[in-house]
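K.L.:
Give me a model of this one.
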Amino acid sequence: MYMSKDIKSVSHQPIGYWLKHLDRLIEDTFSRALAEQGLTRRHWQVLNTLAREPAGPAELTKALDPFLRDDQAGQATVVADLINRDWVSRDHDGRLRLTPDGRTAHQRTQEQVQQTRERMVHGISAGEYTAVIDILTKMAANLESSAA
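P.N.:
Take a look at the predicted model:
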């Protein structure tokens, strides 16, 4: 079944419209929140990834692929900027890691990101949020399996 009449009547716009609209709003909102520090959402994603554990360039690319989508030049630019800020260092084996200043910057930025995330989900219950994530996961799996 493609789409039931009940689903069609929920909104005049299809899900793709709402996903793109929300993605643009998320991008714009995070851009404004991070601009005070001269950061972009991509800076945050690199900082947050490296806060979990050091990573080589290929590992970082894999972790950020959903966000950068084959934009390794963009990733390299962000990493170079973070190295210039002395927030990220490159080990002798090429792995990237946060410096002590980078850890401080990550913690400060994480507070801004958390406030933005809280504003985004204001009025949405944990159950509603989980249901949306479950549905989107299933929809993605449906399309991934049909692409194979």
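
K.L.:
so where do the strands sit in the protein?
P.N.:
Assigned by DSSP state E, the strands in the chain fall at 88-90, 96-98.

K.L.:
Is it possible to get a markdown table of the ones you listed that adds mean pLDDT, distance to residue 44 and mean neighbour count?
P.N.:
The way it works is simple: take the backbone N, C-alpha and C, and place the C-beta from them, glycine included. Output for the strands of the chain, formatted as a markdown table (pLDDT from 0 to 100; distance: least, C-beta to C-beta, whole Å; neighbours: other C-beta atoms under 10 Å):
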| stretch | mean pLDDT | distance to residue 44 | mean neighbour count |
| --- | --- | --- | --- |
| strand 88-90 | 96 | 13 | 18 |
| strand 96-98 | 96 | 13 | 20 |
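
K.L.:
I'd like those strands as a markdown table, with distance to residue 25 appended.
P.N.:
Listed next are those as a markdown table, based on distance: least, C-beta to C-beta, whole Å:
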| stretch | distance to residue 25 |
| --- | --- |
| strand 88-90 | 29 |
| strand 96-98 | 29 |
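
K.L.:
Between those, which one is closest to residue 123.
P.N.:
Counting by C-beta to C-beta, residue 123 lies closest to strand 96-98 out of those; the figure is 34.2 Å.

K.L.:
residues in contact with that closest one?
P.N.:
Residues outside strand 96-98 that contact it (C-beta atoms under 8 Å, 6 or more residues apart in numbering): 47, 50-51, 54-57, 60, 79, 87-91, 106.

K.L.:
Also stretch 127-138?
P.N.:
residue 121.

K.L.:
Can I get it in PDB? Just the C-alpha atoms.
P.N.:
Taking C-alpha atoms only, stretch 127-138 is exported to PDB below (Å, rounded to 0.1, in the frame of the first residue of the first chain):
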ATOM      1  CA  GLY A 127       7.100   9.000  23.200                       C
ATOM      2  CA  GLU A 128       6.200  11.300  20.200                       C
ATOM      3  CA  TYR A 129       9.900  11.900  19.500                       C
ATOM      4  CA  THR A 130      10.600   8.200  19.600                       C
ATOM      5  CA  ALA A 131       7.700   7.400  17.400                       C
ATOM      6  CA  VAL A 132       8.900  10.000  14.800                       C
ATOM      7  CA  ILE A 133      12.400   8.500  14.800                       C
ATOM      8  CA  ASP A 134      11.100   5.000  14.500                       C
ATOM      9  CA  ILE A 135       8.900   6.000  11.600                       C
ATOM     10  CA  LEU A 136      11.700   7.800   9.800                       C
ATOM     11  CA  THR A 137      14.000   4.900  10.400                       C
ATOM     12  CA  LYS A 138      11.500   2.500   8.900                       C
END
